[in-house]
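Student: can you look at this prediction? I've put the sequence above it.
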Amino acid sequence: MIIQFDQLTNVPMKNIYGPKSQHVSHLCFHSKRAKESSVFFSMKGKEKDGHHYIEEAIERGAVAVFGSNPDNIIPFAEKYPACTFLLVDDVRRAMACFSKFYYQNSDEKIRTIGVTGTNGKTTVAAYVKSLLTLLGLPTGSIGTTGIESSRKKLVYKKSTPTTPESLDLHHIFNDFYKLEDGAAVMEVSSIAIDQQRVDGIRFDTAIHTNISEEHLEYHGTFEHYLECKLKLFDQAETAVINLDDSVMGEELNRTFKGSKVTYSLSPDSPADIKAGNIETTASGTAFDLYVGGAVLKVTVPVFGDYNVANILSAIGTAMLQGYKIEEIVSALPEVKGPEGRFEIIEGPDRQRVILDYAHTPVALAKLVKEVKKLEYDRLIVMIAGIGIRDFNKMPKMAETIEGKADEIVVTVDHPGYNEPVEIIDQVMTGFDTPEAPNIHTTLTRKEGILQSLKLGGPTDIILLTSGCINGAQLVKGEEVPHSDREIIENFFRLTSYKDSSGQSCVS
Ligand SMILES: CC(=O)N[C@H]1[C@@H](OP(=O)(O)OP(=O)(O)OC[C@H]2O[C@@H](n3ccc(=O)[nH]c3=O)[C@H](O)[C@@H]2O)O[C@H](CO)[C@@H](O)[C@@H]1O[C@H](C)C(=O)N[C@@H](C)C(=O)N[C@H](CCC(=O)O)C(=O)O
Ligand SMILES: Nc1ncnc2c1ncn2[C@@H]1O[C@H](COP(=O)(O)OP(=O)(O)OP(=O)(O)O)[C@@H](O)[C@H]1O
């Protein structure tokens, strides 16, 4: 595509050096990803300054460079006269605006729905994707579990765990549009908002799940974390708000000016949609839906009260897209959730392994409460300290689980550059009685899973929490392939066999 840089109206620019137009076929913000006809965005980061990699990007074929530091940009413009240099105040903002332009404002050709909150973003995104698609609005999704159009999983080299960088995001919107999806639902993390990845997107609907302490390793204070999350609603036409969340829900309910649907798990709440009489069944959950003065019976193939809250937010989203409540309710029994969230794997001898990504104390507490509603003999719970997250959170996970399970296995997820043993030590400080015989420690997620499975007997539930992002464990800068499912299936294959009477045995 030929880009006439001096005619870009949506990208705020201070100055342009060199040729005013270029043939562009690729966008990047990492010099090592530059190739022929690339535009390179040089950003100052936490560790490095992208301006120091401009020459590398040019050597690899970049034909245009955005930067904010004139001390770098002007001398390079003189040294590389064939390359276009664009001096801007804010490179992240420029990257978001330019990407939107480059991918022909695809975000405006489809509906965009953003989900934010501490817990439940992935789950809500999956429910919304599934529900809207069932209702006849093919919807793609973007988040921690990957990128999926309404019909298939798409393969991208992800640059971030949850919310992609702006240039990837607009590329994905464009792909959804080309695949004839009518909407995109995406998880919007607080970090993404802070790093301006969603700048310039006008969301049709923003969904709020809840807020509790998280990502303090990045934000420093809870106030900054909350402030970032609230910003999403400044760029949304309509909103779905959880009134049960007194911190963020009440604030949003007071300040949000557009159309909104509020939701609550308390039938007495003033919310627009509410759930009551929640009952766990063998195949999911049944509840009464209070909406517009009526009470409707609803069944959903999901487990856990918090997932009923997540379903309510999906219902609110569908209502804001113009669907009638009767159509929505009739689609609910078919709704699908994401992988690794209350995902049940049946083992031999009526054992059940439940994989759940709960990795905050709040999520863990709620999860265990829900699991205890199921029938089982003994409960084995694995928790993990996540090396790439807040160390202060680790003891709180131990504190949350102590006394609530028959066996507790403590392990490590994504050690990053930390020593696994230090992570374990940090988690263990949260137990009152760390030496208790039912508390076990292992140094890798794989060992933790195997230990938990070995502790399980007939009719037990083995709850494996925390989780693995993108099928890998992050160890010292490397992505080490890892699959919980593979480990579990191999374990059951190796330990169970049919004896001569045809009965299954577990050794
Ligand atoms: C900790 C953090 O916020 N990191 C983000 C940050 O990187 P940084 O500031 O450390 O970058 P840096 O290494 O200092 O490099 C600065 C610049 O130089 C460039 N560079 C660097 C080296 C080189 O050889 N060439 C080169 O061009 C880099 O591409 C970068 O643009 O800026 C980068 C560019 O915008 C982000 O991609 C990167 O996200 C990393 C991948 C990341 O893991 N982020 C996590 C914390 C994150 O965003 N998580 C959230 C929430 C997850 C959840 O759901 O809980 C998410 O939305 O994924
Ligand atoms: N509405 C909710 N309230 C509290 N806990 C929840 C809620 N929804 C899900 N959870 C718990 O949090 C875990 C993570 O859920 P989910 O992956 O949907 O959240 P998330 O916000 O996407 O987290 P992340 O971005 O870190 O992946 C679930 O496995 C469940 O245990």
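Tutor: Thanks, I have the structure now. Numbers count the residues shown, from 1 in each chain. Ligands and ions are numbered 1, 2, ... in the order given.

Student: pretty sure Ala183 contacts Ser106?
Tutor: No: under the criterion of C-beta atoms under 8 Å, Ala183 lies out of contact with Ser106, with a separation of 11.9 Å. The C-beta positions use only the backbone N, C-alpha and C, and glycine is treated the same way.

Student: so what pLDDT did the residue in the chain positioned nearest to ligand 1 get?
Tutor: The shortest separation between the chain and ligand 1 is 2.4 Å, found at Gly45 (distances taken as C-beta to the nearest ligand atom). The predicted local confidence for Gly45 comes out at a pLDDT of 89.

Student: measure how buried it is and give me the count.
Tutor: Neighbourhood size, Gly45 [other C-beta atoms under 10 Å]: 9.

Student: please name the residues that touch it.
Tutor: Contact analysis of Gly45 by C-beta atoms under 8 Å, 6 or more residues apart in numbering lists nothing.

Student: any weak-confidence spans in this protein?
Tutor: Under the criterion of pLDDT under 70, the regions of the chain flagged as low confidence span 468-470, 496-507.

Student: the host helix or strand of Ala57 close to ligand 1?
Tutor: Assessed by DSSP states H and E, Ala57 sits inside helix 54-59. No: contact of helix 54-59 with ligand 1 is not found when judged by C-beta under 6 Å from any ligand atom; the minimum separation is 6.7 Å.

Student: now the element after that helix, going C-ward?
Tutor: strand 62-67.

Student: and Glu251, how many neighbours?
Tutor: By other C-beta under 10 Å, 17 other residues sit near Glu251.

Student: got it, and Pro138?
Tutor: When neighbours are defined as other C-beta under 10 Å, Pro138 has 18 of them.

Student: go on, Ile424?
Tutor: One way to gauge burial is a neighbour count; for Ile424, by other C-beta under 10 Å, it gives 18.

Student: do the one 4 residues further on as well
Tutor: Other residues near Met428 number 17, with proximity taken as other C-beta under 10 Å.

Student: and the closest residue to it other than its chain neighbours, how far from Asn15?
Tutor: In this structure, Met428 finds its nearest non-sequential neighbour in Pro434, 4.6 Å apart by C-beta to C-beta, 6 or more residues apart in numbering. For Pro434, the distance to Asn15 (C-beta to C-beta, to the nearest Å) stands at 61 Å.

Student: of those two, which one has the most company?
Tutor: Remark: of Pro434 and Asn15, Pro434 carries more neighbours, 15 against 12, as counted by other C-beta under 10 Å.

Student: what parts of the protein come near ligand 1?
Tutor: Residues of the chain found near ligand 1, taking C-beta under 6 Å from any ligand atom as the criterion, are 29-32, 43, 45-48, 50, 53, 144, 159-163, 165, 189, 191-192, 195.

Student: in helices, which of these appear?
Tutor: Residues from these lying in helices, with DSSP state H as the criterion: 191-192.

Student: type out the PyMOL command that picks the buried ones from the residues of the chain next to ligand 1.
Tutor: Remark: buried members of those, expressed as a PyMOL selection using 16 or more other C-beta atoms under 10 Å:
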select buried, resi 29+30+31+43+50+53+144+159+161+162+163+165+189+191+192+195
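
Student: filtering the residues of the chain next to ligand 1 by proximity to ligand 2, which remain?
Tutor: 144, 162.

Student: how far away is the residue of the chain closest to ligand 1 from ligand 2?
Tutor: With the distance defined as C-beta to the nearest ligand atom, to the nearest Å, Gly45 ends up 21 Å from ligand 2.

Student: ok, which stretches of the stretch 201-350 of the chain are helices?
Tutor: Secondary structure of the stretch 201-350 of the chain by DSSP state H, counting those that start in this stretch: the helices cover 216-219, 222-231, 248-255, 305-320, 325-331.

Student: so which elements touch the third one?
Tutor: Think helix 248-255. Other elements packing on helix 248-255 under the criterion 3 or more C-beta pairs under 8 Å, 6 or more residues apart in numbering; DSSP states H and E are strand 203-208, helix 222-231, strand 236-242, strand 259-264.

Student: got a list of contacts for the third one?
Tutor: In this structure, residues lying in contact with strand 236-242 by C-beta under 8 Å, 6+ apart are 114, 117, 202-210, 233, 248-249, 252-253, 256, 258-264, 309, 313, 316-317, 320.

Student: now swap in the last one and tell me
Tutor: Residues lying outside strand 259-264 but in contact with it, judged by C-beta under 8 Å, 6+ apart, are 237-244, 249, 252-253, 270-275, 309, 312-313, 315-317, 319-320.

Student: what strands line up against it, and which way round?
Tutor: Within its sheet, and counting by DSSP bridges, strand 259-264 is paired with strand 236-242 (parallel), strand 273-281 (parallel).

Student: would you tell me which one of those is buried the most?
Tutor: Compared across these, strand 236-242 shows the largest average neighbour count, a mean of 24 (mean count of other C-beta atoms under 10 Å).

Student: chain center to it: distance?
Tutor: For strand 236-242, the gap between its own C-alpha mean and the chain's C-alpha mean amounts to 18 Å (C-alpha atoms, centre = their mean, to the nearest Å).

Student: sounds good, over and out.
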